[in-house]
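> Structure for this input, please:
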Amino acid sequence: MDYLVGLDVGTTSSKAVVLDTGGAEVAHGRAPTSWHAAAAGGVQTEAPAVLESARRALAAALRKTPGGPIIAVGVASMGESGVLLDRDGDPIAPVIAWHDNRDEKEVRQLGETFGAEGFARRTGLPLRSQWSLTKHRWLIDHHAPSENAVRRLGIAEWVVRRLGGEEVSEESLASRTGWLQLEARDWWPEALEWSGMKASLLAPLVTAGTAVGRVSPTVGLDGLSGAVLTVAGHDHQAAAIGARAAAAGDVLDSCGTAEALIRTVLPGLDADAVLALTGAGITVGWHALPDHWCLLGGTQGGLVLQRVLTALGRTGSDLASLDPQALAADPAGVRISGDDPVGISGITEGTGPAQIWRAALEEVTRRAGVLDAAMTAVSGRGNKFIVTGGWARSAALLEIKRRAFGPLTHTDVREAGARGAAILAGVAAGVYRDVDHAQALTRAASS
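Have a look, this model is predicted:
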């Protein structure tokens, strides 16, 4: 049996999955991602620490893999964060977390230069503190060695390079930088100049699933040597592929700590549609599924649910009893507000945990519904609505989502991002012609 490996280098941890070519998952591995507080404020890590997390996750999965050749490895990752390299290929700057907001001044300056609408029209991104270009400008102004960089890679691109692959810029990750023009599908010279980024630092653009070399024998991961490598793109888009929610019109509702709605659409939304979406906090960018766009919006829904559950003195193990009570309860004026902290108001005599939990489930579903409505207004009603992630274990949440969004499918794919990366690895190695062919061949194994 031949095997495919997918790796998702995420904010909290790196996750690895091994598939046989029929789609059955035969092994998993996980390792935490290390971050620390920065002296300048904010959160950062070092590129070698990111690589070590990836290696440990891969090694854990490989130890559990049955005998047989591993023919390809795909790597997906968080977006926005990047690695600056010197002429020897060594990192010369910290890796700033995508959620770090030390670049607030730079974001204001970006808006003053291009305007919020001008920036959104070019990039498909709302003007906020998340994208790579403002963090790069901060590094240029505050971390002198950054000026000596000769290459800038995204996280997945960095890991692939260190495994032995070529230096490339994958389009769905490039779409999270603020340097890529959405319509032109090419770098934006004025944004590069504004941020102090030289065009020569950015590697050639490729689509996810493109073969970009093979794992080097010097990597030291037994069993991977010689496997075809690919950058599998941004983890949310890879998850849509892994969860079978990546055909045009499909929606993936990923219910983790942060709830994300990922809608796959065909390219070509007009400028007014892009502005309407970015005005609602939704990004528009190139997908890990080649020749498609991705609409991506997020809330802190999972965080809200965890905080409410904790306030009630309950844990996830209590959902089996709490969920049925919540579905039968009337929230009776209870209101949930905010993310951090979460506010709970409207409690009167007789209000119990069931009413509060029902109100929390209704509120996080309402927030997701706002995003879904904004996407539907410009791209039409979605096709499949697929729910995954840790909070999808709540039967009451799934039922309330059904009432709000209509028919949905709950998939229990264990690590959708890593699974999607493995499927794209199969495309890179020629096991599958494309993602559609992969889904057809692996349908029975993952249903």
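> remind me which residues of this structure are low pLDDT?
The chain contains residues with pLDDT under 70 at 443-447.
> distance of the residue in it sticking out farthest from the centre from Ala332?
Distance from the C-alpha centroid of the chain, by C-alpha atoms, centre = their mean, peaks at Glu349 (42.6 Å). Here the criterion is C-beta to C-beta, to the nearest Å. By it, Glu349 lies 11 Å from Ala332. Bear in mind the C-beta positions are built from the backbone N, C-alpha and C, glycine included.
> Please apply the same query to Ala93.
Counting by C-beta to C-beta, the gap from Ala93 to Ala332 is 53 Å.
> the more surrounded of those two?
Ala93 (24 against 15; other C-beta atoms under 10 Å).
> Now the phi/psi pair for the more buried one, please.
Main-chain dihedrals, Ala93, degrees, to the nearest 10: phi -150, psi 160.
> same check, this time on the one 10 residues further on
Phi and psi for Asp103, reported as degrees, to the nearest 10, are phi -100, psi 30.
> Once you drop chain neighbours, what's closest to it?
Thr134 (4.1 Å; C-beta to C-beta, 6 or more residues apart in numbering).
> How about the contacts made by the one you found?
Asp103, Glu106, Val107, Leu110, Gly178, Ser195 (C-beta atoms under 8 Å, 6 or more residues apart in numbering).
> can you rerun that using 10 Å?
By C-beta atoms under 10 Å, 6 or more residues apart in numbering, the contact set of Thr134 is 80, 96, 101-110, 127-128, 178, 194-195.
> buried subset of these?
Glu80, Ile96, Arg102, Asp103, Glu106, Val107, Leu110, Leu127, Arg128, Gly178, Trp194, Ser195 (16 or more other C-beta atoms under 10 Å).
> Hmm, His28 is touching Asp8, no?
No - look at His28 against Asp8 with C-beta atoms under 10 Å: they stay out of range, at 11.1 Å.
> so the closest residue to Trp158 other than its chain neighbours is in which element?
Residue nearest to Trp158 in three dimensions, not counting chain neighbours: Val83, with 4.3 Å by C-beta to C-beta, 6+ apart. Assigned by DSSP states H and E, Val83 belongs to strand 82-85.
> Can you name every helix or strand that that strand contacts?
Packing partners of strand 82-85 (3 or more C-beta pairs under 10 Å, 6 or more residues apart in numbering; DSSP states H and E): helix 47-63, strand 95-96, helix 132-142, strand 151-154, helix 155-163.
> So which of those has the densest surroundings on average?
Among those, helix 155-163 has the highest mean neighbour count (mean count of other C-beta atoms under 10 Å), at a mean of 27.
> how about the CA coordinates for it, as CSV?
What follows is helix 155-163, C-alpha atoms only, in CSV (Å, rounded to 0.1, in the frame of the first residue of the first chain):
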residue,chain,number,x,y,z
ILE,A,155,4.9,29.1,7.2
ALA,A,156,4.0,26.1,5.0
GLU,A,157,6.4,27.3,2.3
TRP,A,158,9.2,27.5,4.9
VAL,A,159,8.5,23.9,6.1
VAL,A,160,8.5,22.6,2.6
ARG,A,161,11.8,24.3,1.8
ARG,A,162,13.4,22.8,4.9
LEU,A,163,12.1,19.4,4.0
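> That helix to helix 47-63, inter-axis angle?
Angle, helix 155-163 to helix 47-63, by axes from the mean of the first three to the mean of the last three C-alpha atoms, to 10 degrees: 70 degrees.
> Can you give the distance of helix 155-163 from its chain's centre?
Centroid displacement of helix 155-163 relative to its chain, using C-alpha atoms, centre = their mean, to the nearest Å, is 16 Å.
> before we move on, the earlier item: any residues in contact with both of His28 and Asp8?
Common neighbours of His28 and Asp8 (C-beta under 10 Å, 6+ apart) are Lys15, Ala16, Val17, Ala57, Glu415, Ala418.
> Walking through the stretch 101-250 of the chain, point out its helices one by one.
For the stretch 101-250 of the chain, applying DSSP state H, counting those that start in this stretch gives helices covering 104-114, 116-123, 132-142, 155-163, 171-174, 189-195, 235-242.
> With distance to Leu51 as added columns, please give the ones you listed in CSV.
Shown next, in CSV, are those (distance: least, C-beta to C-beta, whole Å):
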stretch, distance to Leu51
helix 104-114, 27
helix 116-123, 28
helix 132-142, 19
helix 155-163, 5
helix 171-174, 17
helix 189-195, 25
helix 235-242, 17
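> and of those, who's closest to Ala260?
Between Ala260 and the helices of the stretch 101-250 of the chain, the shortest gap by C-beta to C-beta is with helix 235-242, which sits at 5.5 Å.
> which element is the nearest residue to Ser53 once chain neighbours are set aside on?
Distance criterion C-beta to C-beta, 6+ apart; nearest residue to Ser53, sequence neighbours excluded, is Ser14 at 4.4 Å. Using DSSP H and E, Ser14 falls within strand 13-20.
> Mind putting the helices and strands packed on strand 82-85 into CSV with distance to Ala377?
Shown next, in CSV, are those (distance: least, C-beta to C-beta, whole Å):
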stretch, distance to Ala377
helix 47-63, 38
strand 95-96, 34
helix 132-142, 29
strand 151-154, 31
helix 155-163, 32
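> Would you tell me which of those gets closest to Met1?
helix 47-63 (14.7 Å).
> And stretch 379-392, end to end?
End-to-end span of stretch 379-392 (C-alpha to C-alpha, to the nearest Å): 25 Å.
> Please read the previous query as pertaining to stretch 321-339.
Start-to-end span of stretch 321-339 (C-alpha to C-alpha) is 25 Å.
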